[in-house]
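In: Attaching a predicted model along with its sequence, questions to come.
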Amino acid sequence: MTVLVDTHAVLWANIKPQLLSRKAAAILSDRSTTVLVSAATAWEISTKVRLGKLPSASVFEQEFMELPERAGYILLPIEPEVALRSGRLIAKHGDPFDRMIAAQALALDVPVISNDAKLDEFGVRRIW
C-alpha cells in the first residue's frame, strides 16, 4: 500500500505518536507501506515554525531532510502539473498546503493519512 501523509500526521508520527488513530499508526508502522511526504509538508512546517504557530516542531523542522532516512519515508516533490491541479481544485477549502496534498493524492491515486475531514471536499480517499 502507498499513502500520502498529511502534515499533522507526519508531525504526530514523529513527535506525538499517541495522537495518531490506531489505523493510521498501524499503516505507518507497517514496513510494507510506502509512505510519501509532500514537499508541501516541509513548506507548511517551516512556515508555521517561523510564524511561531508550531514552536514544538522547531527541532523537527531543522532535521526535516533526515526524516526519510530515519523513518523510511519518500519525499514527494511538487510537480508543475500538480501545482496547476492544486490551484484548479473546486472546493471552498483554501488552505494551500491542503490543496497541494490533495492534488498530489489525486494525481497519484493514493489515500491520504489525515484526520482533517476538510480534505474530503477534494474527493481524496482519506484514512484515519
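Out: Perfect, I can see it now.
In: Could I get the full set of helices for this protein?
Out: Along the chain, counting by DSSP state H, helices occupy 7-15, 22-29, 39-50, 58-62, 67-71, 80-88, 96-108.
In: So what's the gap between stretch 106-126 and the chain middle?
Out: Centre-to-centre, stretch 106-126 and its host chain are 10 Å apart (CA atoms, centre = their mean, to the nearest Å).
In: ok, now stretch 109-128?
Out: On CA atoms, centre = their mean, the centre of stretch 109-128 falls 10 Å from that of its chain.
In: Could you tell me how many residues sit around residue 118?
Out: 15 (other CB atoms under 10 Å). (C-beta placed from N, C-alpha, C; glycine too.)
In: My read is that it contacts residue 98, right?
Out: Yes - counting by CB atoms under 8 Å, residue 118 does reach residue 98; the two are 6.7 Å apart.
In: For the nearest residue in space to residue 68 that is not next to it in sequence, give the beta-bridge partners.
Out: Spatial nearest neighbour of residue 68, chain neighbours left out: residue 75 (5.5 Å); criterion: CB to CB, 6 or more residues apart in numbering. Beta-bridge partners recorded for residue 75 (DSSP bridges): residue 37.
In: need the contact list for residue 75.
Out: 36, 37, 39, 42, 67, 68 (CB atoms under 8 Å, 6 or more residues apart in numbering).
In: at 10 Å what do you get?
Out: By CB atoms under 10 Å, 6 or more residues apart in numbering, the contact list for residue 75 reads 36, 37, 38, 39, 41, 42, 64, 65, 67, 68.
In: same question, residue 61
Out: Going by CB under 10 Å, 6+ apart, residue 61 touches 11, 42, 45, 46, 47, 48, 49, 50, 54.
In: before we move on, the earlier item: could you pull out the residues contacting both of residue 118 and residue 98?
Out: Listed as contacting both residue 118 and residue 98 by CB under 10 Å, 6+ apart are residue 91.
In: By mean pLDDT, point me to the weakest helix or strand of this structure.
Out: Using mean pLDDT, DSSP states H and E, the weakest-scoring helix or strand in the chain turns out to be helix 67-71, at a mean of 85.
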